[in-house]
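Participant: Quick one, structure for this:
(one chain, ligands or ions: 1)
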Amino acid sequence: MEASTQSIAADSISDLCLRDEILGAGGWSVVYKGDFCGHEVAVKTFNSQVRRDVEERVQRHRFLKEVKALKALGQREIQLSQPDMTDAQKFIVNLLAYSNSGGVPGPAPNGHFYTILELGHSRLDQWLRRPRSDQTARRTDSHQMWHFDFCDIARSVFAALHCLHVRGLVHLDVKPQNIMRFGHQWKLIDLESCMSLADGSVSIADITPLYASPELAQAVLCRADPTATGLVPPHPTMDIWAAGVVLLDVLAEGCCFDEMKASLDLAALFEEEAVLNEGWFRWLSSSEPLDLHSLFAATPGACKLDHQLELFLDPILTKEPGLRASALQLRDHQFLNVHRQGRHQVEKVFSSLQAVSPAPFHISFRGVHLQLGGHNGARFETVGSKHLGHRLPFVNSEVSDILVASLAPDDLVCGEGMSRCSLASNQNPWWWELEV
Ligand SMILES: Nc1ncnc2c1ncn2[C@@H]1O[C@H](COP(=O)(O)OP(=O)(O)OP(=O)(O)O)[C@@H](O)[C@H]1O
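Facilitator: Have a look, this model is predicted:
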């Protein structure tokens, strides 16, 4: 049984078959599920309103920006399920192919622009709002499991940003809606707003206020001042701030700044507001530091704000861009790199399982039999789960979450080969067997 190593010809999309299923939509694009070279994929194309109202030149520019950025990262002609992915392939959505005209990226013969991307499973904002089973609720309550998720997301986001920043690129639209889970891996998506450091100034009209950095807020306010230029060049520190706000959302399990922004904007309404979101931008650009304690006082995240976490967040959410840590420093931060061992091993097992044939296999876990319906792209489907008491499709990461939730981090031991793995803990020796 061999891993799928089919290389995809990135210059041809003649094999593409679009399904009716819409995976998501943004201000510009709609993303469909599709089939391409024997794989389920995500197909991004401009929505009908953009196609109708926006000049072709502008559409082409936006399309090329994303294709170019993804190509600069080496996200091209990848082999699905390849064992040794680069960090860029691991932490940023992979580009499988794109429409072209005359051999260069451009519209397909029907006039539409297409980027064919690997298929993601759930966005961070959706994941934060997910309904929780008892199992997951218990997991969230457990400090250790919360720490796993937080570190996993933070490490992935900073690793992705590091890949961009070392290539002189700035994402400029880091937000939970642009972070997706692909199997067990969180990745950054939507590189359409990406700019190179040499690209001139950030388009203020495109920024997402909640995740805007203080220096961008300053630029927005300056723009309203006829004596100032309001132009600001892209800088990696802008992504670091936005990633910090995303992490606050993860801690709050929601949208952390939502209420604060609403009240600041409301207050500004009674003054002469010249700029949309002015109250919020004024607070952001002021020298008043972010007070994490009061911010979290009324949220479920409050209990999670311990001294170590505060030390980690400080150099991310400082309003002074020059004091912000780099993506590399944060990716390798000690706070994110504890307790990884057990989860990594489980994920290694499931990643390897993805590489075997789609035949169903069975897991006996703590005396409970799980029959998994083999892999379907990056997805495992349960065909029956006595453990959970009902049929439930889940991605491999959730299987590993369930397993890890029941384990101390260093308890897991992978056995020889892929046909058998063992779990062991000091308290309970557990075994699960994989019959492939
Ligand atoms: N690779 C993918 N796999 C699955 N779904 C995806 C993928 N890429 C995007 N989506 C879905 O499509 C939505 C829109 O995609 P994307 O954010 O790239 O479009 P956009 O129009 O540029 O968005 P925005 O206007 O917010 O910048 C995403 O929020 C997500 O739900």
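
Participant: For burial, what's the neighbour tally of the closest residue to P236 other than its chain neighbours?
Facilitator: Of all residues not flanking P236 in the chain, H165 sits nearest, at 4.3 Å (CB to CB, 6 or more residues apart in numbering). Heads up, the C-betas are built off the backbone N, CA and C, glycines and all. Neighbourhood size, H165 [other CB atoms under 10 Å]: 21.

Participant: Hmm, H165 is touching T237, no?
Facilitator: No. Counting by CB atoms under 8 Å, H165 sits too far from T237 to count as a contact (9.7 Å).

Participant: And the residue nearest to P236, how far from the ligand?
Facilitator: H165 sits 20 Å away from the ligand, going by CB to the nearest ligand atom, to the nearest Å.

Participant: Next, that residue: phi, psi?
Facilitator: phi -60, psi -40 (degrees, to the nearest 10).

Participant: got the contact list for it?
Facilitator: Applying CB atoms under 8 Å, 6 or more residues apart in numbering to H165 gives the contacts P236, D239, S326, A327, L328.

Participant: Which one of those residues sits in the busiest neighbourhood?
Facilitator: Top of the contacts of H165 by neighbour count (other CB under 10 Å): D239, with 28 neighbours.

Participant: Let me know the closest of the contacts of H165 to M260.
Facilitator: Ranked by distance to M260 (CB to CB), these are led by D239 at 21.3 Å.

Participant: Next, the contact list for the closest one, please.
Facilitator: Counting by CB under 8 Å, 6+ apart, D239 has contacts L161, L164, H165, V170, H171, L172, V174, A327.

Participant: let's see 10 Å
Facilitator: The neighbours of D239, taking CB atoms under 10 Å, 6 or more residues apart in numbering as the test, are 157-158, 160-161, 164-165, 169-174, 188, 194, 211, 213, 324, 327.

Participant: likewise K65?
Facilitator: L191, E192, S193, C194, M195, S196, D199.

Participant: What is the three-state secondary structure of the closest residue to G244 other than its chain neighbours?
Facilitator: Nearest residue to G244, sequence neighbours excluded (CB to CB, 6+ apart): I316, at 3.7 Å. The three-state label given to I316 by DSSP: H, G, I helix; E, B strand; the rest coil is coil.

Participant: pretty sure I316 contacts L247?
Facilitator: Yes. Judged on CB atoms under 10 Å, I316 makes contact with L247 at a distance of 7.2 Å.

Participant: For the stretch 151-300 of the chain, which residues are neighbours of the ligand?
Facilitator: Contact residues (CB under 6 Å from any ligand atom) of the stretch 151-300 of the chain with the ligand: D173, Q177, N178, I189, D190, E192.

Participant: any chance of those in CSV, plus pLDDT?
Facilitator: Shown next, in CSV, are those (pLDDT from 0 to 100):
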residue, pLDDT
D173, 95
Q177, 95
N178, 96
I189, 96
D190, 94
E192, 90
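
Participant: Need those residues in a markdown table (columns: neighbour count and secondary structure).
Facilitator: Converted to a markdown table, those look like this (neighbours: other CB atoms under 10 Å; DSSP: H, G, I helix; E, B strand; the rest coil):
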| residue | neighbour count | secondary structure |
| --- | --- | --- |
| D173 | 22 | coil |
| Q177 | 18 | helix |
| N178 | 25 | helix |
| I189 | 25 | coil |
| D190 | 22 | coil |
| E192 | 24 | coil |
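
Participant: Closest one of those residues to E118?
Facilitator: Distances from E118 to those, taken by CB to CB, are shortest for I189, at 9.8 Å.

Participant: so that closest one sits right up against V31, yeah?
Facilitator: Yes. At 9.2 Å, I189 counts as touching V31 under the criterion of CB under 10 Å.

Participant: Name the residues contacting each of these two.
Facilitator: By CB under 10 Å, 6+ apart, I189 and V31 have these common neighbours: G24, A42, K44, L117, G120.

Participant: can you redo these as JSON lines with pLDDT and neighbour count?
Facilitator: Formatted as JSON lines, the shared contacts of I189 and V31 follow (pLDDT from 0 to 100; neighbours: other CB atoms under 10 Å):
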{"residue": "G24", "pLDDT": "93", "neighbour count": "16"}
{"residue": "A42", "pLDDT": "94", "neighbour count": "22"}
{"residue": "K44", "pLDDT": "95", "neighbour count": "28"}
{"residue": "L117", "pLDDT": "92", "neighbour count": "27"}
{"residue": "G120", "pLDDT": "91", "neighbour count": "21"}
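
Participant: rewinding a little: report the two of the contacts of H165 separated the most.
Facilitator: Longest span within these, CB to CB: D239 and L328, 12.5 Å.

Participant: Could you name every residue contacting both of the two?
Facilitator: F158, L161, H165.

Participant: ok, back up a step: for the residues of the stretch 151-300 of the chain next to the ligand, which one is nearest the ligand?
Facilitator: D190 (3.6 Å; CB to the nearest ligand atom).

Participant: would you list every one of the helices in the stretch 201-350 of the chain?
Facilitator: When assigned using DSSP state H, counting those that start in this stretch, the helices of the stretch 201-350 of the chain occupy the ranges 214-223, 236-252, 258-269, 278-285, 292-297, 307-313, 327-331, 341-354.
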